[in-house]
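*Asks:* Using only what follows, build the 3D model:
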Amino acid sequence: MSVRACLSPLASSLSRLLTACCALAMLGTASLPPALSAERPAKQLFGAAALPADMKPQSIGFYSRGCMAGAVGMPVDGPNWQTMRLSRNRRWGQPELVRILQDLSVKAARDGWSGLMVGDMSQPRGGPMLTGHASHQIGLDADIWFTPMPPERLTYEQRENLSAISMLKPKSFYVDDKRWTKAHENLLRDAASYKEVERILVHPGIKKKLCDTVKGDRAWLAKIRPNWGHNYHFHLRIACQDGSPGCKKQNPVTGGQGCDASLDWWFNVGLVPKKPSKRKKPVKPKPELRLSDLPSACAAVLDAPAKPADEADLKVRDASFSAPAIAIPAYDPAMARRSKPIEARGATAATPASAPPPGAIPTPTRRPRD
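*Replies:* Model (predicted):
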């Protein structure tokens with residue numbers, strides 16, 4: 001028998017296998033066998049979902065290793081808020097989080113804040129994100145820009161391209177007093193006032209500014225936690241809610257107001273760039289989370305039918321409110337991956353003030369567990 005004759009059956013088998021794989025890829029994640037789905041990075045599985053799972057609301061797992069069922073959407077527009085970077089499709093959360101954000105927008109407006117610019121919350125079914133955050137996986141996290149909402153309603157393109165504004169002086173760890181206002185302090189105080197809110201992450205320079213300037217009641221400062229980044233926005237996190245027995249709690253905030261030597265560590269050690277090492281060791285990439293790394297209930301969340309699009313958002317409390325309709329393209333994971341960061345690099349500033357490019361902020365060392 002010739003060599004060609006021996007190889008012919010093998011070539012035919014390989015061709016059929018390749019054809020089958022291509023067909024599965026075209027059908028999408030839902031058509032993949034469970035074993036193959038489990039081996040794909042979880043961010044690809046959860047990042048492909050355009051709408052929430054039509055299930056009872058609950059958070060499953062931990063903030064940085066989990067998913068969520070029964071999410072609701074923060075409406076694109078409200079009387080005192082606008083949601084940003086709509087291409088990312090990250091305006092979803094547990095109902096209690098969305099209710100708190102809507103209420104905060106009203107409370108903050110009474111204290112001099114023009115309105116919330118709502119950044120990343122969670123994907124429709126939570127889980128690891130296609131880009132960015134390690135947390136935001138169980139519907140209990142939300143990013144709020146330090147930039148006040150402009151008076152006009154932004155177009156889809158403006159929401160994709162406008163930049164948040166850093167609160168720091170250029171090439172500095174400290175707040176720029178030309179940008180920081182009493183309204184910024186009031187906004188953080190109002191956000192911390194909710195019993196459901198466990199912690200609010202800000203840049204250490206912003207924490208120091210609050211420690212140095214807040215008068216009267218200072219107990220709420222305990223919830224304001226210093227962390228890297230967070231000079232363009234603050235990160236609001238609420239506690240596990242009733243009805244979510246599988247939600248893993250974070251350690252409670254301790255240590256008083258946090259305006260002590262623990263804050264000094266950031267400026268003396270934490271934020272100080274490391275000296276270049278003469279011996280360059282290759283950095284081993286951290287393994288990506290797989291579906292098998294998440295709580296087992298997350299597989300059911302992925303497989304659940306979607307909520308109808310017209311029923312997915314939590315209603316705006318003010319029934320009289322209306323805003324111009326925005327033409328939002330159908331969700332495309334590739335667009336989410338290409339979305340611009342909220343920083344000023346390659347974007348247009350949302351206010352006349354200009355933010356320093358991200359590279360102007362010194363590179364930090366290790367991260368704390370917060």
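*Asks:* can you give me the strands in the protein?
*Replies:* Ranges of strands within the chain are 58-62, 65-69, 72-73, 77-78, 81-83, 92-93, 116-118, 141-145, 162-163, 197-202, 224-226, 233-238, 348-349, based on DSSP state E.
*Asks:* Out of those strands, which is closest to Ala183?
*Replies:* Ala183 sits nearest to strand 116-118 of all these, at 12.1 Å, using C-beta to C-beta. Using the backbone N, CA and C atoms, a C-beta is placed for each residue, glycine as well.
*Asks:* Pull the residues that contact the closest one.
*Replies:* Contacts made with strand 116-118 from outside it, assessed by C-beta atoms under 8 Å, 6 or more residues apart in numbering, are listed as 74, 80-84, 91, 101, 104-105, 108, 142-145, 147-149, 164, 350.
*Asks:* what does the average pLDDT come to for stretch 154-162?
*Replies:* Regarding stretch 154-162, the rounded mean pLDDT is 96.
*Asks:* how about that stretch: buried residues?
*Replies:* When neighbours are counted by 16 or more other C-beta atoms under 10 Å, the buried residues of stretch 154-162 are found to be 154, 159-160, 162.
*Asks:* One more: stretch 288-305?
*Replies:* 289-291, 294-295, 298-299, 301-302, 304.
*Asks:* Output it as PDB - backbone C-alpha positions only.
*Replies:* These are the backbone C-alpha positions of stretch 288-305, laid out as PDB (Å, rounded to 0.1, in the frame of the first residue of the first chain):
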ATOM      1  CA  GLU A 288      -6.600  32.600  34.500                       C
ATOM      2  CA  LEU A 289      -9.700  31.500  36.400                       C
ATOM      3  CA  ARG A 290     -11.600  28.700  34.900                       C
ATOM      4  CA  LEU A 291     -15.300  27.800  35.500                       C
ATOM      5  CA  SER A 292     -14.100  24.900  37.600                       C
ATOM      6  CA  ASP A 293     -12.300  27.500  39.900                       C
ATOM      7  CA  LEU A 294     -15.600  29.200  40.700                       C
ATOM      8  CA  PRO A 295     -18.400  28.000  42.900                       C
ATOM      9  CA  SER A 296     -20.300  25.100  41.300                       C
ATOM     10  CA  ALA A 297     -23.500  27.200  41.200                       C
ATOM     11  CA  CYS A 298     -21.900  29.500  38.600                       C
ATOM     12  CA  ALA A 299     -22.400  26.800  35.900                       C
ATOM     13  CA  ALA A 300     -26.100  27.000  36.400                       C
ATOM     14  CA  VAL A 301     -26.000  30.800  36.200                       C
ATOM     15  CA  LEU A 302     -24.300  30.600  32.800                       C
ATOM     16  CA  ASP A 303     -26.800  28.100  31.500                       C
ATOM     17  CA  ALA A 304     -29.900  29.900  32.800                       C
ATOM     18  CA  PRO A 305     -32.200  31.700  30.300                       C
END
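*Asks:* how close does Ile224 get to Ser166?
*Replies:* 18 Å (C-beta to C-beta, to the nearest Å).
*Asks:* between those two, who's got more neighbours?
*Replies:* Ser166 (28 against 24; other C-beta atoms under 10 Å).
*Asks:* Can you give me the pLDDT of that one?
*Replies:* At Ser166, the predicted lDDT confidence score is 95.
*Asks:* what would the buried residues of stretch 288-305 look like in CSV with distance to Ser64 and pLDDT?
*Replies:* Shown next, in CSV, are the buried residues of stretch 288-305 (distance: C-beta to C-beta, whole Å; pLDDT from 0 to 100):
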residue, distance to Ser64, pLDDT
Leu289, 9, 94
Arg290, 15, 96
Leu291, 15, 96
Leu294, 11, 97
Pro295, 13, 97
Cys298, 13, 98
Ala299, 19, 97
Val301, 17, 98
Leu302, 18, 98
Ala304, 22, 98
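*Asks:* So which of the residues you listed sit within helices?
*Replies:* If you go by DSSP state H, the buried residues of stretch 288-305 have 298-299, 301-302 in helices.
*Asks:* before we move on, back to that, I'd like the buried residues of stretch 288-305 laid out as a markdown table, including distance to Leu51.
*Replies:* Putting these into a markdown table (distance: C-beta to C-beta, whole Å) gives the following:
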| residue | distance to Leu51 |
| --- | --- |
| Leu289 | 22 |
| Arg290 | 23 |
| Leu291 | 19 |
| Leu294 | 19 |
| Pro295 | 21 |
| Cys298 | 16 |
| Ala299 | 18 |
| Val301 | 12 |
| Leu302 | 12 |
| Ala304 | 10 |
